[in-house]
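1. Sequence and predicted structure, then a few things I'm wondering about:
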Amino acid sequence: MKSTWRITALVLAIATTALAAVAGTASAAPAAGTSASATTIRIWADGNRKAAVERVAGAWARSRGVTVEVVLKEFGDIRTNLSTVTADAAPDVIVGAHDWTGELAAGGLVVPLTPRKTATAAFPKYTLDSFSYGTGVKRLYGTPVAVENIGLVVNTKLAHVPTSFADLEKQALAFKKKKSGNLALAVPQGANGDAYHMYPLFSGLGGYVFGTTARGTLNPKDVGVANKRFLANAPLIDKWNKEGLINSKVDYDTAKNAFLKKQAAFWITGPWESNSLADSGLKYKIVQLPRIKYRSAPFLGVQGFMVTKFAAGHGVSSLAKDLVGSYMMGTGAQVTLAAANGRYPANINAGRRVTDAVLKQFGAASAGGVPMPNIPQMASVWSELGGAWVKSTKGSGATPAKRSFSVAARNISNKIG
Amino acid sequence: MSTSAVRTEPPAAAPDIQWGMPSRLIASFSGTAGLVVKLVLLAILNSIAVWAGIILARDDKWIALVVLAAATIAIDLVYLSKRAGAVPLKFLIPGTVFLIAFTVLPILYTINVAFQEYAVGHIITKGEAVKAIEENSLAQPDDGKTYVMAPANDSSGKLVLVLVEDQSGKAFVGTPDGLEPLASDKVKVDDVGLITGAEGYTVLKGQALVDADTALANYLIPLGNGSAIHAEGLDTALELRPTLRYDESANTFTRLKDNVAFKDNGRGSFVAANGEELEPGWRTYKGTANFTSIATDPLIRKPFLRVLAWTFAYATVAVLGSFFIGLFLAIALDKPGLRFSKVYRGLIFIPFAIPGFIVLLVWAGLLNDDFGVVNQVLHLHVPWLFDPWWAKVSVILVSIWMSVPYFFLVSLGSLQSIPNELVEAARVDGAGAWQVFRKITLPLLLVAVTPLLIASFAFNFNDFGKIYLLTGGGPQAEDQSVAGSTDILISYTYKLAFAAGKGTDYGLAAALSLVIFIIVGGISAAAFWRSRSLEEMR
């Protein structure tokens, strides 16, 4: 009996040690490897950009004698995971959208950059502003890389490029009447609304989301969803609803299919549909939505790279700033990174190299655009603003726009608190 | 014929016992082979524990390490023990481990978070927040200078910064003591303007530069006017001036231009007297504030009862509706000798076999009131998803569509387990079909099905996915509040905790989840307690 016990204990001890040793070396190997051979910069990037980031950051890393590890992440997960990741697994650099800036900076998760003025001079001011944040001192938290915005896509076989909003309205309604199933203006909403695609109509009527403070930062106390100018023009929405120019029951796929199947002559969409437009074989032109009462400016989205607070803990903060705040601002890096997911580069010199006609037209449609607010309070806005459009454009039984937008403005202010 | 055949089939009793696969598998754990298998499994477990222990020790998690060691030794002893008393433990331990890991720990974690300020702007520790506030508050003075920089070692090996000012082209050497001019001809600059060498200094390159990273990031050259030169990256340095000063003993930030003091408010922020707040804040405990805000915040309080009432109505109607329809179908198809009964059963089962989120997205499309198939085929104009009341109807209908197959299967099985003699005896006593169903079938069925009804109710009560994918909680309700007309408690919680204020608020979300947990737990406990009276009938 006793001997069995001893043998058992011995076998167990040996097996445990052996397995633990195997596990230990397996987990320790990469750590040991990196500390001995080279410092590693870890970058979180999405599937579209991973290869381009590897190429651009790889070239930089070779010149600096370090290595780069690009970790594949869902784009949206990069934002949420950054606040829950452990320091060990955390990235030094992330790719992100400019409207995350407020949330990440207010959380202390990304660090400010101060690139040389000679470098920033090559960027339109709005691209830098959109990555800037600060309730006290406004600082830059990211290097803009690519810009995107929506535009009005016109099927030039079915209609001509509208010269005014009235012209658009006339053509669209005439086209809708031609055949049942036709849409007038294919702009997506759906049951929960789509404040992003409706924004050109919203700004064209005089609406805005947040005003600015004297210091030039966005002011969450100044909500312009139901400002006087807009409310004065809001009855136009009721008119559009009545005549069927816009219809909240059109969701993203309905709008897209209608345009691609020639059941709509006008579609509001962005460069992410470049491929489906190219494959459609349709003849089309992309312009800015014609001015309504004011310029029908779209929201501008900017994507770029940020340095996280974890870089300092990993002992690579100067390296990361060199990569993001200097190298990635260069023309060559910008061309590669923006092309990775088919967007227009933020750098003006890189933009000159763009030859793609569709991207150029979307670029022209961005004139006077408004960067999506990057302060975290924007979280309180999206569903309410989209919902106000839905309520006032759902056909019969719709709420008058004046009322639905006033209610939305009140809810937004309450939610921001 | 087929169903009755199943019922009367005698148990397969053969003279030579043919052990089944499971029994043979279990039997293989006895004897020498079993001992080896056991030892290997325990060795794997122990080595995982050793590996986890190393990580815990490295991170200074000593309490967790003690718990881990004790648990591992206890498991080893139990499985190596030959005492009969250890046998029940051998079966209990795996279940207990999983219960602790996947149920108890998450609940404890949620309770812990519910008492914290843990939201956008309150993620990092206080020390990190102070450092970030200091860094974020640095401003570039209007006349601030920018330099081309090269980190270098002086003759004694100390880190200095060789600087060439952008506009004047003047060269300097910066140390923590200040800025010293350097003759321009002593600095070598390449064709793109980068410093490649400086007389009397060794410019850092390659690995030496990489190794100096942290020292460089924290390097400050004071300028005497309140500003300091900071390194920005690896070849640029610039002048930055603090706008806030932290006094550690007073635990207060002071704004330099107007001496406004920002004091620690005890809830993870430095706040001025006028309410102005410094960002970022930090994650901290703040007592019961999350719970009191559920009771006092009008945003939550106002629609709470309406949402609660709808949640109950939805869960009740959806469960009872799908149960009775499922039961009806089961009774209808439980006729012995019914032709194609397998085909019918297969067809009824289809909704259950399709992944739920696909079903929901498809239904959201089908119910679109201008372009959806339902309205087009039926030539209707019902605003299925755009009217507050019709949206409620849609949610319930889709929910029933999805769970009828489940209750069909459950009812079919339970019906077949009700002894035929009882029904026949009732018939002989002169009971009609309805009476038999009402007095015999249903009560006996409920004994088996009630726990499932309760579980299904609890599931529907918290079925976030169904609401989120079908209506997103919308359309907006008549009271115009943040809660949509089909929002149930959990989806409303999501809106409050992830789409209000500055975005994500984990603390509030945890507090609301606990409230929902208590409601659902209470209802389930009460229902199970009542259902015990059903069981006594048997």
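-> Done, it's in. Numbering: from 1, shown residues only, chains lettered A, B, ... in the order given.
2. Looking at the stretch 101-250 of chain A, which residue is nearest chain B?
-> A:G108 (3.4 Å; Cβ to the nearest Cβ). Quick note: C-beta positions are derived from backbone N, CA and C, even for glycine.
3. Which of the helices or strands spans whichever residue of the stretch 251-400 of chain B sits closest to chain A?
-> At 3.4 Å from chain A, B:P280 is the closest residue in the stretch 251-400 of chain B, using Cβ to the nearest Cβ. B:P280 belongs to no helix or strand when assigned by DSSP states H and E.
4. Phi and psi next, for it.
-> phi -80, psi 160 (degrees, to the nearest 10).
5. Now do the contacts for it.
-> A:105-108, B:121-124, B:129, B:132-133, B:136 (Cβ atoms under 8 Å, 6 or more residues apart in numbering or on different chains).
6. got it, and A:E54?
-> A:68, A:70.
7. burial of the residue of the stretch 101-250 of chain A closest to chain B, as a residue count?
-> Applying other Cβ atoms under 10 Å in any protein chain shown, we find 26 residues neighbouring A:G108.
8. would it count as being in a helix?
-> No - read with DSSP: H, G, I helix; E, B strand; the rest coil, A:G108 is coil and lies in no helix.
9. Would you mind confirming that it makes contact with B:V130?
-> No - using Cβ atoms under 8 Å, A:G108 makes no contact with B:V130, being 9.7 Å away.
10. pLDDT weak spots in the chain?
-> Went with chain A since none was named. A:1-12, A:15, A:18-37 (pLDDT under 70).
11. was after chain B, sorry
-> Using pLDDT under 70, chain B drops low at B:1-19, B:26-30, B:478-480, B:533-538.
12. Most remote residue from the middle of it, which is it?
-> B:D185 (62.0 Å; Cα atoms, centre = their mean).
13. SS state for that residue?
-> helix.
14. A:K157 versus that one, what's the distance?
-> 70 Å (Cβ to Cβ, to the nearest Å).
15. just how off-centre is stretch B:399-416 within its chain?
-> Mean-position distance between stretch B:399-416 and its chain equals 30 Å (Cα atoms, centre = their mean, to the nearest Å).
16. what does that stretch contact?
-> So stretch B:399-416 is contacted by B:3, B:6-7, B:314, B:318-319, B:321-323, B:325-327, B:329-331, B:333-334, B:345, B:348-352, B:356, B:359, B:363, B:441, B:444-445, B:448-449, B:452, B:456, B:460, B:463, B:466 (Cβ under 8 Å, 6+ apart).
17. Could you restrict the residues you listed to the ones contacting chain A?
-> By Cβ under 8 Å from any Cβ of the partner chain, no member of the contacts of stretch B:399-416 lies near chain A.
18. Filter those down to the buried ones and hand me the PyMOL line.
-> Selection of buried members from the contacts of stretch B:399-416 for PyMOL, criterion 16 or more other Cβ atoms under 10 Å in any protein chain shown:
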select buried, chain B and resi 3+314+318+319+321+322+323+325+326+327+329+330+333+345+348+351+359+363+441+444+445+448+449+452+456+460+463+466
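19. Please list the members of the contacts of stretch B:399-416 that lie in helices.
-> B:3, B:6-7, B:314, B:318-319, B:321-323, B:325-327, B:329-331, B:333, B:345, B:348-352, B:356, B:359, B:363, B:444-445, B:448-449, B:452, B:456, B:460, B:466 (DSSP state H).
20. check contacts around B:P383.
-> Per Cβ under 8 Å, 6+ apart, neighbours of B:P383: A:394, A:397, B:369, B:390.
21. Dihedrals phi and psi, it?
-> Residue torsions, per degrees, to the nearest 10, at B:P383 are phi -80, psi 70.
22. go on, B:A70?
-> B:A70 adopts backbone torsions of phi -60, psi -40, taken as degrees, to the nearest 10.
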